[in-house]
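[1] I need the structure of the sequence given here:
(chains A, B and C)
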Amino acid sequence: MATPPDAADQRAGSHGFEVHLDVFSGPFDLLLGLIAKHRLDITEVALAQVTDEFLAYLRAADGGGWDLSQASEFLVVAATLLDLKAARLLPTGDVEDAEDLELLEARDLLFARLLQYRAYKEIAADLAERWAVGARSYPRAVSLEPHLAALLPDLVWTLGPDGLAALAARALAPRPAPPGVDLSHLHAPPVSVREQAAVLADRLRRHPSMSFRDLVADAGEPIVVVARFLALLELFRDGSVAFDQVVALGELSVRWTGTSDGEIELTTDYDEGNAS
Amino acid sequence: MSETRVDELGFDVDELPGGAAAALEAVLMVADEPVPAVRLASVLAMPTERVEELLLALAAQYRGDGGERPRGFELRHAGAGWRLYSAPAHADVVGRFVVDGQTARLTQAALETLAVVAYRQPVSRGQVSAVRGVNVDGVMRTLSTRGLVAEVGQDQATGAVLYGTTGYFLERMGLTSLDELPALAPHLPALSELADLDEGLR
Amino acid sequence: MSETRVDELGFDVDELPGGAAAALEAVLMVADEPVPAVRLASVLAMPTERVEELLLALAAQYRGDGGERPRGFELRHAGAGWRLYSAPAHADVVGRFVVDGQTARLTQAALETLAVVAYRQPVSRGQVSAVRGVNVDGVMRTLSTRGLVAEVGQDQATGAVLYGTTGYFLERMGLTSLDELPALAPHLPALSELADLDEGLR
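    Numbering: from 1, shown residues only, chains lettered A, B, ... in the order given. Here you go, the predicted model:
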């Protein structure tokens, strides 16, 4: 059954469903919020508008600034939105070729996932309620009086100092990465967007026009590419760079339009100090 | 177990001061986790049904149901059995006394992840990630550190570690079994409803 | 401290269900160590003399002095303060419960936890949980009951209780001091794997 994304909006409306952005906890969460807010007319949601909103949200979030894990989650949202948008542009009626069908299925799947996520989100509210109620009772858990502890059977002790050291070493050693796709690198190393902005500024002052590809050629890790991408967005907002892109999806060239020397004064406090 | 003879035990709970109810209180006083009624029955050498009656009566008494002064403690059936707790009405006072807070809040991300694990268990981290649309490694670790979820096995096919909720999760949520979790179905759109919507939008 | 004003506290013990006596019961129910009356007075925002009167009255009530059923628990003044204990009359039943199902061996989880405490002491339960990735509250209680670990202080910043190993632990390990614990290095994975993780293991 092909269910247009609009259905979610209708249900959402009739149930007063609304996601407030003051609790950001994941891409689906944000996506649901944005979709509900824009009445799910994905075709009319300009990605730029969503981006602005997201940046505004992060800026207002707290004084601590925003970190890369949030930013990279946003990229997931943006990609999902683009998918949805592409699927939505298809006519809902006749499906002629296999490619259309695939897109429709992708859209339904995505939609189904969103509905499923929403169900768990609603259930989570019930758990939150139970958690809060439980927090008001403290369980009794006290140590045994010596005369009762003395009743316990004597411990059979086979562990020697070396065995103990081996146990400690194993417990204290870092855990191996979990099987499957490990995204922890997105959250782990502190890569400062501000530092990357300084790197880019230095480069662009010497070569006033460079392609994005060249700017990230030496980045090494994806996290640095993301940081530089975000740094560029910030520099753009600051009026320090301009972008040129001749054809859609073509090479993106970056021009330096800022001052020719001096410190880069980014207006946001970014990830400094709390990048983690 | 209720057949254990008194002369083997060296005591008859009914003859102790305060009777069987007091014996139950004495045992609950040293328990550091919920105790199943059947285990209490075995220790007291009494039929489980009678122990259950006594537990319910004690719980009501502590609440002040019979007109006595409500106690500052409660006897509750949660998780695997029965355990004494401070009464919720006095949470503010107790909170001032207790240093190690158990009151720390769970984040929205933790609650959502917990919900998925509770309903989908046994479930791998990858499967939870797929539902939430975000990597859950960090959140799962927090939940595990807090004793709310634990490894329960391994997926035969993929080798992925499978997670489930713990007895502490049940106790903390005031449930005696997973069957008491609210039904998920009402939160999902009915098939017919979707079909209707589909029609209407044509 | 008894001068703390009610509006700062958000509660008035006399207005809670069961009144000040119930508030005292609530705190005593979760207290692991004997609590001095002056501390209880501070927590309840009441004069110490009144708290002492209430404590004596509760102790008498639990004993059944007023004609009520004697309780299975008693409120005793022990050491520095007041604590709830199982009533001695029920020691046989409680003893059966304590011994029931106990084994003479420490579980793998308990041994691992003990090893972490030995090498990281003084350390809080939260820190041990974080290292092991699971909740260790129950296991720490077992180790403490067994006399292998004990409270050694309090974290200045968080107020969390800090634990260390005991003299009995050294005795069982055949060591005379903690300095004799074997170095961890030979038991760790190859150095190359650890180069950048060194920090974390200090």
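[2] could you pull out the helices for chain B?
    Taking DSSP state H as the criterion, chain B contains helices spanning B:6-9, B:19-30, B:37-44, B:48-63, B:91-97, B:108-120, B:125-132, B:137-145, B:167-172, B:191-201.
[3] could I get these in CSV, plus columns for mean pLDDT?
    Converted to CSV, the helices of chain B look like this (pLDDT from 0 to 100):
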stretch, mean pLDDT
helix B:6-9, 56
helix B:19-30, 96
helix B:37-44, 95
helix B:48-63, 97
helix B:91-97, 91
helix B:108-120, 94
helix B:125-132, 88
helix B:137-145, 92
helix B:167-172, 94
helix B:191-201, 41
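[4] as CSV, these with mean neighbour count would be great.
    From N, CA and C alone the C-beta is placed, and that goes for glycine too. Converted to CSV, the helices of chain B look like this (neighbours: other CB atoms under 10 Å in any protein chain shown):
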stretch, mean neighbour count
helix B:6-9, 10
helix B:19-30, 24
helix B:37-44, 21
helix B:48-63, 17
helix B:91-97, 19
helix B:108-120, 24
helix B:125-132, 21
helix B:137-145, 20
helix B:167-172, 21
helix B:191-201, 13
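[5] relative to chain C, which of these is closest?
    The minimum distance between chain C and those falls on helix B:19-30, with 2.9 Å, by CB to the nearest CB.
[6] give me the contact list for that closest one.
    Helix B:19-30 is contacted from outside by A:140, A:142, A:144, A:148, B:13-14, B:16, B:18, B:35, B:40, B:43-44, B:46, B:50-51, B:54-55, B:57-58, B:75, B:82-84, C:69-73, C:84-87, C:89-90, C:93-94, C:97-98, using CB atoms under 8 Å, 6 or more residues apart in numbering or on different chains.
[7] centroid residue for chain B?
    Note on chain B: the residue nearest the mean C-alpha position is residue B:171, at 1.9 Å, using CA atoms, centre = their mean.
[8] that one reaches residue B:35, doesn't it?
    No: proximity of residue B:171 to residue B:35 does not meet the contact threshold set by CB atoms under 8 Å, at 11.5 Å.
[9] what touches both of the two?
    With contacts defined as CB under 8 Å, 6+ apart, the residues shared by residue B:171 and residue B:35 are B:80, B:83.
[10] gap between the residue nearest to the residue nearest to the centre of chain B when sequence neighbours are not counted and residue C:41?
    If you skip the residues right next to it in sequence, residue B:171 has residue B:79 as its closest partner in space, 3.1 Å away by CB to CB, 6 or more residues apart in numbering or on different chains. According to CB to CB, to the nearest Å, residue B:79 stands 34 Å off from residue C:41.
[11] now residue B:167
    Counting by CB to CB, the separation of residue B:167 from residue C:41 is 37 Å.
[12] distance of residue B:175 from chain A?
    In this view, residue B:175 and chain A are 8 Å apart by CB to the nearest CB, to the nearest Å.
[13] what's around that residue, how many residues?
    19 (other CB atoms under 10 Å in any protein chain shown).
[14] just give the number of residues close to residue A:153.
    A count of nearby residues for residue A:153, using other CB under 10 Å, gives 10.
[15] quick check, it in a helix?
    No: the assignment for residue A:153 is coil, going by DSSP: H, G, I helix; E, B strand; the rest coil, so no helix is present there.
[16] give me the nearest residue to it, chain neighbours excluded.
    Nearest non-adjacent residue to residue A:153, counting by CB to CB, 6+ apart: residue C:104, 4.3 Å away.
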